[in-house]
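Asker: can't give you the sequence, but here's the structure:
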């Protein structure tokens with residue numbers, strides 16, 4: 001697990017977020033150029049090579065910026081572990097929650113954030129055949145601190 005992102009909101013930051021423009025709407029339907037996702041069991045998925053993210057800083061910033069407004073009032077301190085399949089073209093898809101926050105909205109936010117914002121290198125095997133990979137990450141969320149700003153923590 002590479003990096004975990006910790007979102008900490010103060011009352012002032014929450015008010016600033018409420019006044020901000022909402023994130024672009026999420027369309028869960030696959031686009032015409034989306035490759036079909038292979039049906040893999042938990043064990044088959046675990047055997048895939050680990051993908052390396054290309055845009056960690058941008059991913060973390062966009063994840064924080066897209067924090068779900070409906071959970072701002074909650075006093076939350078949790079970690080969400082997610083796992084995604086990475087297409088040969090470097091896109092995250094088929095997110096699974098490995099460790100839930102206990103809040104459906106936060107779990108979906110972590111998964112959709114990975115699918116929308118994480119980017120990976122294209123991948124081929126030694127023969128030049130495109131290969132699927134996996135990526136697993138922890139997202140730490142805390143809205144209980146009174147005087148902190150959103151931060152990104154390295155493991």
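Answerer: Yep, it's here. Computed from a prediction, not measured in an experiment: that's the story for all the values here. Numbers count the residues shown, from 1 in each chain.
Asker: what kind of secondary structure is residue 108 in?
Answerer: Under DSSP: H, G, I helix; E, B strand; the rest coil, residue 108 falls in the helix class.
Asker: state the helix or strand in which the closest residue to residue 99 other than its chain neighbours lies.
Answerer: Using CB to CB, 6 or more residues apart in numbering and skipping residues adjacent in sequence, the residue nearest residue 99 is residue 81, 3.7 Å away. The way it works is simple: take the backbone N, C-alpha and C, and place the C-beta from them, glycine included. Here residue 81 sits within strand 77-86, counting by DSSP states H and E.
Asker: list the buried residues of that strand.
Answerer: 78, 80, 81, 82, 83, 84, 85, 86 (16 or more other CB atoms under 10 Å).
Asker: just checking, what packs against that strand?
Answerer: Here strand 77-86 touches strand 92-99, helix 104-117, strand 133-142, going by 3 or more CB pairs under 8 Å, 6 or more residues apart in numbering; DSSP states H and E.
Asker: re earlier: check the gap between the residue nearest to residue 99 and residue 125 for me.
Answerer: In this view, residue 81 and residue 125 are 28 Å apart by CB to CB, to the nearest Å.
Asker: now residue 108
Answerer: 33 Å.
Asker: for this structure, which spans come out with low pLDDT?
Answerer: Across the chain, the ranges flagged by pLDDT under 70 are 1-38, 40-46, 145-155.
Asker: from residue 110, how far off is residue 64?
Answerer: For residue 64, the distance to residue 110 - CB to CB - is 12 Å.
Asker: isn't residue 141 up against residue 80?
Answerer: Yes: Residue 141 lies in contact with residue 80 (CB atoms under 8 Å); the separation is 7.0 Å.
Asker: common neighbours of the two, please.
Answerer: Shared contacts of residue 141 and residue 80 (CB atoms under 8 Å, 6 or more residues apart in numbering): 101, 106.
Asker: buried sites along stretch 112-124?
Answerer: 112, 113, 114, 115, 116, 117, 118, 119, 120, 123.
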